[in-house]
Each structure stands twice: as C-alpha cells, then as structure tokens.
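Student: Sequence and predicted structure are below.
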Amino acid sequence: MSAQTRTACVALGANIGEPLRQIEAGFAALDALPGTRLIARSSLYRSAPVGYADQPDFINAVAMIETVLQPQALLDALLAIERAHGRVRDFPNAPRTLDLDIVLYGDLVLHEPGLTIPHARMLERAFVMLPLAEIAPDAGVPGHGTVRELAARLDAGSVAQLRRIPA
C-alpha cells in the first residue's frame, strides 16, 4: 500500500439468509476491493436487533482495512457489496443479508449527506464497539476517547462473542 493509504474500520452485520457465511463473504469482499487490504478482523458476535425487534438476532463483526479509497468511494464500494449479497432496504432497521458501515476512517471527522464519520451511532452500539475494541482497542474516536474506554462504558448485555474467525 502507498503513502496515500488510510486505515478504516468497517462494521459488518447480517441476520437473514446465512449470516455466518455472509459475514465471512463480507470480509473477503473487503479484502478484494481495489487498493484495499484486510489487516484485522474481529470475532463474531450475536446481538439482539435494535429499533425493529420482530426479526432474528444479528451476527456482527468489525474489519480493519488499509485502503487508498477515499471515504465516498469506500462507501460506494460497500453499498455495491451489500447489493451483490442481496441487501434490500425495505425500511429502517429492517432485517438484512449483509450490512457494511464505515465506523472509522483514520482520524477523519466528516459530515456529508449519506456519510458521517465516525459513524453517528457507533458509541451507543455494543455490537460495534466490542468487536472494534477486540481489534483496535487503542484507536481514537475523534472527540470522544479510545475505543477501549468507550466500549467499557456500554451495556453489553445483549451482545455475546461467538467465535474467532481464523486470519
């Protein structure tokens, strides 16, 4: 990777179809993006749905990547991966085959239509912060503190670690 490379963290989630397989396919798809390399991946976690409760539990994880893709290009690539895996956006918090969200992109703070970095709700979501703390505990969340500190403040009662995915 070149000097233009940035480290980004992407949250993965799935709860319909074959969630375990889809998360693993999501990791592979991230690693296959142009100018991008998967450098770390968390264990899998099971979490209760948020917002719309009448759906199956989610399988969640976080990936750390190095990428030359700028934030909007990375988001566009993530949306294309979601579509390729059958993601349909019926309504907010709907069940999904694969969900990919940029949670951190280096130390960038960005507020654009359709893209907020750090992710707007990551600090209140144990299903993002626990796997993120596993692979990047000392990463800073601009304006808030380290991932380790922030994850320790959350109620993780609805999140359970399942297994470590081999590198």
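Tutor: Cool, got the structure.

Student: make it CA atoms for all contacts and neighbour counts henceforth
Tutor: Will do.

Student: Break down the protein into its strands, ranges please.
Tutor: Shown for the chain, the strands assigned by DSSP state E span residues 6-14, 36-41, 44-47, 58-67, 99-105, 110-112, 115-117, 140-141, 145-146, 159-163.

Student: From the chain's centroid, how far away is the fourth one?
Tutor: Counting by Cα atoms, centre = their mean, to the nearest Å, strand 58-67 is centred 4 Å from the centre of its parent chain.

Student: okay, the angle between it and strand 6-14?
Tutor: On the basis of axes from the mean of the first three to the mean of the last three Cα atoms, to 10 degrees, strand 58-67 is oriented at 160 degrees to strand 6-14.

Student: and strand 58-67, what does it pack onto?
Tutor: In terms of contacts (3 or more Cα pairs under 8 Å, 6 or more residues apart in numbering; DSSP states H and E), strand 58-67 is packed against strand 6-14, helix 19-31, strand 36-41, strand 44-47, helix 126-135.

Student: now swap in the third one and tell me
Tutor: Packing partners of strand 44-47 (3+ Cα pairs under 8 Å, 6+ apart): strand 58-67, helix 126-135, strand 159-163.

Student: Just give me the neighbour total for Leu69.
Tutor: When neighbours are counted by other Cα atoms under 10 Å, Leu69 registers 19.

Student: Excluding chain neighbours, what is closest to it?
Tutor: Excluding the flanking residues, the one nearest Leu69 by Cα to Cα, 6 or more residues apart in numbering is Gly35, at 6.8 Å.

Student: Verify the contact between that neighbour and Ala73 for me.
Tutor: No - with contact defined as Cα atoms under 8 Å, Gly35 does not reach Ala73; the gap is 11.4 Å.

Student: circling back to that earlier point, CSV for the helices and strands packed on strand 44-47, including mean neighbour count and mean pLDDT?
Tutor: Formatted as CSV, the helices and strands packed on strand 44-47 follow (neighbours: other Cα atoms under 10 Å; pLDDT from 0 to 100):
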stretch, mean neighbour count, mean pLDDT
strand 58-67, 27, 97
helix 126-135, 24, 96
strand 159-163, 15, 86
